[in-house]
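Q: Pasting the sequence and the predicted coordinates here, then a few questions.
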Amino acid sequence: MEQLSLFSEKTTNAKSRRHSLRVQTSSARTGEGSDDWATPGYVVEAAESFLGGIGLDPFSDGEDSLVPAKRKITKEENGLVQPWGSENLTPQVWLNPPYSMMRPVVKKMRQERERTNEFLLLARNAQGTQWFRNLLPIATCYGVFDHRIKFVGASTQAPFDNVLIYGGGDRIEEFRDCWKEYLGFCAMAFWIGKE
């Protein structure tokens, strides 16, 4: 896996060299050079069952998507700039965004909170990250999968754990019951910091 330094190799400042960040150029999702991997059917079916239908998939593969959302926003349409709902339409939202874009995705989720209903977000389990902390104020609960997911189109399972985050409602027991076959545990999301 190629890594690129954000600082020039010619940097003479020892502090800069010591704190140089590394950026992975392969996929954040599977390590296979792409950040576009479709959600497996069993996850889609459970999400549709839990939400009672999916009103919006803002990061859709379009016609090729396994997600039966009433409205699909494709990469070309850019789900980060399109409105997700309106005063008259508050959809149930399914999200499996490119994992390399989690900060702007969470920012958009917070902006759209009043124009959407419940949401389910499938993401890389990264509970210590800033995007995860930024999501907690609008999350109800979450669960970590008890297995590594094999995304559609991937040759192997993802090299990391996945988390499923639920928000916009108070159906914690229903979430637990619907996902118990796939999640290793379910926890309530508490926010004790400043927003």
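A: Received it, and whenever you're ready, just let me know what you need. As the structure is a prediction and not an experimental result, all values here were calculated from the model.

Q: what's the following helix or strand after the helix or strand of the chain with the lowest mean pLDDT?
A: When each helix and strand of the chain is scored by mean pLDDT, DSSP states H and E, strand 22-24 comes last, with a mean of 28. Using DSSP states H and E, the helix or strand that follows strand 22-24 towards the C-terminus is helix 41-51.

Q: which residues are contacting that next one?
A: Helix 41-51 has contacts (Cβ atoms under 8 Å, 6 or more residues apart in numbering) with 39, 54, 66-68, 92, 94, 118, 120, 122, 149, 152, 166, 174-175, 178-179, 181-182. C-betas here are computed from N, CA, C, even on glycine.

Q: and after it, which helix or strand comes next?
A: strand 56-60.

Q: Show me what secondary structure element comes after the helix or strand hosting residue 123.
A: Under the criterion of DSSP H and E, residue 123 resides in strand 119-124. Using DSSP H and E, the helix or strand that follows strand 119-124 towards the C-terminus is helix 130-135.

Q: Okay, buried residues for that following helix please.
A: By neighbour count on 16 or more other Cβ atoms under 10 Å, the buried set for helix 130-135 is 131-132, 134-135.
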